[in-house]
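**Q** Provided below are the primary sequence and the corresponding predicted coordinates.
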Amino acid sequence: MKLIALIEAEAARLQQSGVSFGHGTTNAFDEAVWLALWSLGLPLDDLEGVAQRHLSDQEQRQLQALIDRRIHERLPAAYLTREAWLQGVPFHVDERCIVPRSLIAEHLADGDLDDLLGREPTRVLDLCTGNGSLAVLCAMAWPQAQVDGADLSAEALAVAAINRERHGLQDRLELLQGDGLAAVHNRVYDLIVCNPPYVNAQSMQALPREYQAEPALALDGGADGMDFIRPFLSRAARHLAPSGWLVLEIGHERPHFEAAFGGPAGLEPIWLPNSSGVDAVLALPAEALVAWSAQTGTPKGGAPLNASGVSS
Ligand SMILES: C[S@@+](CC[C@H](N)C(=O)[O-])C[C@H]1O[C@@H](n2cnc3c(N)ncnc32)[C@H](O)[C@@H]1O
């Protein structure tokens, strides 16, 4: 049997089984291609070059067994292959972290954030770093930058450490553990990127099994999806340089975000369009966060802000 014929047959099987996509591919054919090329040890980006290749019986059985697992265990494909790609960059992945798919990666690759910042950032924080993919992409985008990746989950940080080593970034990427911004103590950044847990409670209950296989800590944003974001935004100004920026992913939660932070004297973010639409990623300059924090008050236990927004 030729590879392309087996891929088409396995794609049909995936389609009929009703598995859910969204962890690196969006449809059954692409998922079958990925799993087929991976199981045969072939480059993942050249189906055309190998499509007519003849498969041995053993190779066929190997791929069929992998697709069987995908269908019966309902795990994201990346948990089976132990690898995910983001903007062409490979990352180690396993059940200790979610499968990386942040839309912020598109903005890092497109150079949008350079336009926003107007200069190269030298200090960058990837808050809620998970497997460290955004932190690694930041370090690649700005070779002069010192990058911190912070997460509450020690397990996710262990995966991030694997990716830091894989990409040779031990000197420029520091991994920090803690709850939200507490992990970074008094550090101040030119740019904070953050893809936090933001799925609201109703959506959490409706998640397909593939998403339920990921750590709930990475997804669950509480009743309105804003449980992490509320304390984070109220503290963010003090961790940004005066001309710094925050880039925050909120997925489909714009209505909840606006209910929580909009209105008169509320936050007015810049929405950054990407492949998911126009309102899944937002950007806020430090000065807007400083003004907003001054109006809404600092959280209990927080240090007062000076005029530049940096903790005094
Ligand atoms: C949506 S995942 C993002 C992971 C990674 N940045 C990515 O884009 O693939 C959210 C991450 O936030 C972490 N997290 C959840 N609650 C946290 C908290 N209170 N403080 C710090 N990190 C937290 C989770 O462990 C998870 O790794």
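**A** In hand now; what should we look at?
**Q** contacts, neighbours, all on C-alpha from now
**A** Will do.
**Q** got the residues of the stretch 1-150 of the chain near the ligand?
**A** Cys97, Ile98, Val99, Pro100, Arg101, Ser102, Cys128, Thr129, Gly130, Asn131, Leu134 (Cα under 6 Å from any ligand atom).
**Q** Return the subset of the residues you listed lying in helices.
**A** If you go by DSSP state H, these have Leu134 in helices.
**Q** Which one of the residues of the stretch 1-150 of the chain next to the ligand is nearest to Arg69?
**A** Val99 (17.4 Å; Cα to Cα).
**Q** quick one: contacts for that closest one?
**A** Shown in contact with Val99 (Cα atoms under 8 Å, 6 or more residues apart in numbering): His23, Pro76, Ala78, Tyr79, Ala84, Val93, Glu214.
**Q** Do I have it right that the third one meets Asp94?
**A** Going back to what we said before, that points to Ala78. Yes - using Cα atoms under 8 Å, Ala78 makes contact with Asp94 at a distance of 7.5 Å.
**Q** Just the element for Ala160, please.
**A** helix 154-166 (DSSP states H and E).
**Q** So which elements touch that helix?
**A** If contacts are counted by 3 or more Cα pairs under 8 Å, 6 or more residues apart in numbering; DSSP states H and E, helix 154-166 sits against strand 89-92, helix 133-141, strand 173-177.
**Q** Now the last one - C-alpha only, PDB.
**A** Coordinates of each C-alpha in strand 173-177 appear next as PDB, following Å, rounded to 0.1, in the frame of the first residue of the first chain:
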ATOM      1  CA  LEU A 173      16.100  31.800  29.900                       C
ATOM      2  CA  GLU A 174      15.400  31.500  33.700                       C
ATOM      3  CA  LEU A 175      12.600  29.500  35.000                       C
ATOM      4  CA  LEU A 176      10.800  30.600  38.100                       C
ATOM      5  CA  GLN A 177       8.100  28.900  40.100                       C
END
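**Q** Return the residues of the stretch 151-300 of the chain in contact with the ligand.
**A** Residues of the stretch 151-300 of the chain that fall close to the ligand, judged by Cα under 6 Å from any ligand atom: 151-153, 156, 178-180, 195-197, 217-219.
**Q** Kindly recompute the last result at 5 Å.
**A** Within reach of the ligand by Cα under 5 Å from any ligand atom, the stretch 151-300 of the chain has these residues: Asp151, Leu152, Ser153, Asp179, Gly180, Asn195, Pro196, Pro197, Leu217, Ala218.
**Q** Is it possible to get CSV of these that adds neighbour count, pLDDT and secondary structure?
**A** Output for those, formatted as CSV (neighbours: other Cα atoms under 10 Å; pLDDT from 0 to 100; DSSP: H, G, I helix; E, B strand; the rest coil):
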residue, neighbour count, pLDDT, secondary structure
Asp151, 26, 98, strand
Leu152, 21, 98, coil
Ser153, 20, 98, coil
Asp179, 16, 98, coil
Gly180, 19, 98, helix
Asn195, 24, 98, coil
Pro196, 28, 98, coil
Pro197, 22, 98, coil
Leu217, 13, 98, helix
Ala218, 22, 98, helix
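**Q** Which of the residues you listed sits closest to Ala236?
**A** Gly180 (9.9 Å).
**Q** and that closest one, how far is that from Pro215?
**A** 17 Å (Cα to Cα, to the nearest Å).
**Q** likewise Met140?
**A** 27 Å.
**Q** circling back: what lies in contact with the helix holding Ala160?
**A** 91-94, 96-97, 129-133, 136, 150-151, 170, 173, 175-177.
**Q** same question, stretch 139-146
**A** Counting by Cα under 8 Å, 6+ apart, Leu108, Ala109, Glu120, Pro121, Thr122, Arg123, Val124, Val147, Leu169, Arg172, Leu173 sit against stretch 139-146.
**Q** Same check on stretch 286-299?
**A** Contacts for stretch 286-299 (Cα under 8 Å, 6+ apart): 231, 233-238, 240-246, 265-267, 304-305, 308-309.
**Q** same thing with stretch 114-124?
**A** By Cα under 8 Å, 6+ apart, stretch 114-124 touches 138, 142, 144-148, 188-193, 243-245.
**Q** Thanks again, I'm all set now.
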